[in-house]
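Asker: What would the 3D arrangement of this be:
(one chain, ligands or ions: 2)
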Amino acid sequence: MRTYLVTGGAGFIGSNYIHYMFQKYGDSIRIINVDALTYAGNLENLKEVEDRENYTFIKADITDKQAIEKIFAENNIDRVVHFAAESHVDRSIKNPEIFIQTNVLGTAVMLNCAKAAWEQPDGSYAEGKKFLHVSTDEVYGSLEEDGEYFYETTPYAPHSPYSASKASSDMLVKAYMDTYHFPANITNCSNNYGPYQFPEKLIPLIINNALHGKKLPVYGDGKNVRDWLYVVDHAKAIDMVQEKGRLFETYNIGGHNEKQNIEIVEIIIETLQEQLADNDPRKALVSKDLITYVEDRKGHDRRYAIAPDKIKAEIGWEPETMFKDGIKETIKWYFEHEEWMKNVTSGDYQKYYEEMYKA
Ligand code: NAD
Ligand code: TYD
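Answerer: Ligands and ions are numbered 1, 2, ... in the order given. As a prediction, this is how the structure comes out:
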């Protein structure tokens, strides 16, 4: 039975990936989820899988070398899928150090431990061992508003402490592949949306605020562009890269779904108005009048857009979920999981929110 070590599996994309993998492979794989449970880690995301015999959760920090070594020593790990990271740009602007700690040093620990466990005396690696480093399109910097795209060959030009730390971690993975022939892939994905996303990111924040009649903060002129991908499509792409991709390659994953932030906010408001029943008291709260332009993010990247040509040509992956359907599913999910949102927003997040938005 193949064993996966998933880091950051209690976060947004990691938990969606774990659900996707169990739906696809059932009892034929084993998943060990290693997560430090920072403010962004939420085990409620994994309630449906926690009793599975082939699922194990281990609370550990990826910067803790001894803890990670022990996991490799006690388990015959075949695949690593490395999600664990500090992931929010605004937090990285306020407090960059933790991003270097987790994203750079944590990735170094993961690489070292996997290499030590997998490398054979002759410097080769046991058959089937693979490390997938989950990264972001933000490492490529910012595009102008015209028709350029990010390709795998686009030079790195990160601007925020978040993207700089992810770029550094990508470089470490590349160095391990080049120096030690370490069996890895890197995926650089565009902005994800979907169930279980922490409401500090644009889409769940706007949904949650709108349902509570709170202001909808739009940074700057609202015309920054992001390329949105439904999270389950991302989970599928990661699995396909490990199954069908060429080792040592980077694959860009994107939605071909560019939208300005203000468009996203308007679509959410319209969808909420459509979906809320007339007798639902929240319906009266949801209004475009809540849109509030606020001070721009420092160093705010203007546009991200992925050309997913390589992954389509080599692996046959392309985004399946149209934004108009994905956003409806997502909003429906947040409607049906009010308790999840309440639990999330009653914790650390609120203190952070007050600090960020002076609410
Ligand atoms: P998230 O913030 O929702 O989850 C991160 C998870 O990592 C949490 O469960 C957290 O507890 C855990 N974690 C943080 N520090 C840790 C540490 N030191 N040790 C162990 N666990 C730790 O993030 P996400 O949005 O799910 O992103 C996952 C990965 O995907 C990240 O590497 C991110 O850079 C990348 N990515 C995200 C997006 C996006 O739109 N969210 C897009 C492209 C790439
Ligand atoms: P975010 O979800 O933080 O993702 P990223 O910065 O990694 O792309 O932000 C998406 C876009 O939305 C980004 O251009 C910043 C903008 N934004 C707002 O306008 N208001 C907000 O409250 C947030 C959180 C983001």
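
Asker: what residues does the protein put near ligand 2?
Answerer: 89, 191, 201-202, 205, 217-219, 224, 226, 261, 297 (CB under 6 Å from any ligand atom). C-beta here means a position set from N, CA and C on the backbone, and glycine is covered the same way.

Asker: how far does stretch 79-88 sit from the chain's center?
Answerer: 8 Å (CA atoms, centre = their mean, to the nearest Å).

Asker: cool, and stretch 31-46?
Answerer: 13 Å.

Asker: Now do the buried residues in that stretch.
Answerer: Under the neighbour-count criterion of 16 or more other CB atoms under 10 Å, stretch 31-46 has 31-36, 38-42, 45-46 buried.

Asker: hmm, it touching ligand 1?
Answerer: Yes: for stretch 31-46, a contact with ligand 1 is found by CB under 6 Å from any ligand atom, at 35-38, 40-41.

Asker: Need the residues you listed in a markdown table (columns: pLDDT and secondary structure).
Answerer: Putting the residues of stretch 31-46 next to ligand 1 into a markdown table (pLDDT from 0 to 100; DSSP: H, G, I helix; E, B strand; the rest coil) gives the following:
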| residue | pLDDT | secondary structure |
| --- | --- | --- |
| 35 | 95 | strand |
| 36 | 94 | coil |
| 37 | 92 | coil |
| 38 | 93 | coil |
| 40 | 94 | coil |
| 41 | 93 | coil |
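
Asker: near ligand 1, from the residues of the chain next to ligand 2?
Answerer: residue 191.

Asker: Pick the one among the residues of the chain next to ligand 2 closest to residue 243.
Answerer: Among the residues of the chain next to ligand 2, residue 191 lies closest to residue 243 (CB to CB), at 24.4 Å.

Asker: For that closest one, which non-adjacent residue is spatially closest?
Answerer: Once flanking residues are discounted, residue 191 sits nearest to residue 226: 4.4 Å by CB to CB, 6 or more residues apart in numbering.

Asker: And for whatever residue of the stretch 1-150 of the chain ends up closest to ligand 1, the neighbour number?
Answerer: Distance from ligand 1 to each residue of the stretch 1-150 of the chain (CB to the nearest ligand atom) is smallest for residue 11, at 2.0 Å. Neighbours of residue 11 under the rule other CB atoms under 10 Å: 24.

Asker: wait, it sits on residue 41?
Answerer: Yes: taking CB atoms under 8 Å as the definition, residue 11 is a contact partner of residue 41 at 5.8 Å.

Asker: ok, and the closest non-adjacent residue to residue 157?
Answerer: residue 141 (3.2 Å).

Asker: My error: substitute residue 302 in the last question.
Answerer: In space, residue 302 is closest to residue 142, 4.9 Å off (CB to CB, 6+ apart).

Asker: Same question for residue 177.
Answerer: The nearest residue in space to residue 177 (CB to CB, 6+ apart) is residue 248, at 4.9 Å.

Asker: and if you look at residue 321?
Answerer: Going by CB to CB, 6+ apart, residue 321 has residue 230 as its nearest residue, at 3.7 Å.

Asker: Report the beta-bridge partner residues of residue 136.
Answerer: residue 189 (DSSP bridges).

Asker: contacting residues for it?
Answerer: The contact partners of residue 136, taken as CB atoms under 8 Å, 6 or more residues apart in numbering, are 163, 166, 188-190.

Asker: Now list the buried members of these.
Answerer: 163, 166, 188-190.

Asker: now those residues in JSON lines, with pLDDT?
Answerer: What follows is the buried ones among the contacts of residue 136, written out as JSON lines (pLDDT from 0 to 100):
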{"residue": "163", "pLDDT": "98"}
{"residue": "166", "pLDDT": "98"}
{"residue": "188", "pLDDT": "98"}
{"residue": "189", "pLDDT": "98"}
{"residue": "190", "pLDDT": "98"}
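
Asker: For ligand 1, give me its nearest residue in the stretch 251-359 of the chain.
Answerer: For the stretch 251-359 of the chain, CB to the nearest ligand atom, closest residue to ligand 1: residue 253, 8.0 Å.

Asker: Could you pull up the residues touching the closest residue in space to that residue that isn't next to it in sequence?
Answerer: Leaving aside its chain neighbours, residue 253 sits nearest to residue 189 (4.1 Å; criterion: CB to CB, 6+ apart). Counting by CB under 8 Å, 6+ apart, residue 189 makes contact with 134-137, 229, 234, 237, 252-254, 306.
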